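Student: The following block contains a protein sequence and its predicted model.
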Amino acid sequence: MRIDGADEGARLGGRLLTLVGDRDFHALAREISRITCGTGSDASAFTAVVTWMVATIADLVADPTASVTDAVDSFISGVVPVVHDTAELNEELPAPAEWLFTAVVRHLQSRHREGSDPPPPAPADTALVRMQALVEALLWLDALLELDHNL
């Protein structure tokens, strides 16, 4: 049985989040390396998992009754400072975080347009940047889940 990209992304993303929750950083490092450095048939694993993470982050920050601007503002004020250990976002994000932030914003914007299904985010250009972006996505998603859990 072939698992499609969305199912594969959810499975891999769930596995990574479980490893973060278990604080099993040795296994997490192995999984992130496998996902971001995969070649051949494994090359699509990064796109699948980061697409799922971008969509999940967008789902967690988006209030269906709010505008895209409100969702982005909420994301900027609530999650990004927690992950980046700052009171507010007043400087540029590192390149992998900026790439991820842009992917989340584009996904939020596409959800407000009728009939448009967002394309998956384009993979970052090197294995190192893919790895950094995936770690960033994990941190953001973990922070969002913690914030939601504590409300």
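Tutor: Nice, I can see it. Residues are numbered from 1 along each chain as shown.

Student: low pLDDT regions in this protein?
Tutor: Across the chain, the ranges flagged by pLDDT under 70 are 1-5, 38-43, 63-66, 74-91, 112-124, 148-151.

Student: Of all the helix elements in it, which one is longest?
Tutor: For the chain, the helix with the greatest residue count under DSSP state H is helix 127-150.

Student: which helices and strands does that helix pack with?
Tutor: Using 3 or more C-beta pairs under 8 Å, 6 or more residues apart in numbering; DSSP states H and E as the contact criterion, the secondary-structure elements in contact with helix 127-150 are helix 5-22, helix 25-36, helix 44-61, helix 80-84, helix 95-111. Every residue, glycine included, has its C-beta placed from N, CA and C.

Student: Looking at these, which one is packed in the most?
Tutor: With neighbours defined by mean count of other C-beta atoms under 10 Å, none of the helices and strands packed on helix 127-150 is more surrounded on average than helix 44-61, at a mean of 22.

Student: which other helices and strands contact that helix?
Tutor: When contacts are defined as 3+ C-beta pairs under 8 Å, 6+ apart, helix 44-61 packs onto helix 5-22, helix 25-36, helix 68-78, helix 95-111, helix 127-150.

Student: Export these to JSON lines and append columns for distance to residue 61.
Tutor: JSON lines is the format used below for those (distance: least, C-beta to C-beta, whole Å):
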{"stretch": "helix 5-22", "distance to residue 61": "16"}
{"stretch": "helix 25-36", "distance to residue 61": "23"}
{"stretch": "helix 68-78", "distance to residue 61": "4"}
{"stretch": "helix 95-111", "distance to residue 61": "7"}
{"stretch": "helix 127-150", "distance to residue 61": "7"}
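
Student: out of the helices and strands packed on helix 127-150, which comes closest to residue 131?
Tutor: helix 25-36 (4.4 Å; C-beta to C-beta).

Student: angle of that closest one against helix 5-22?
Tutor: 160 degrees (axes from the mean of the first three to the mean of the last three C-alpha atoms, to 10 degrees).

Student: Tell me which of the helices and strands packed on helix 44-61 lies nearest to residue 54.
Tutor: Among the helices and strands packed on helix 44-61, helix 95-111 comes nearest to residue 54, with 4.8 Å by C-beta to C-beta.
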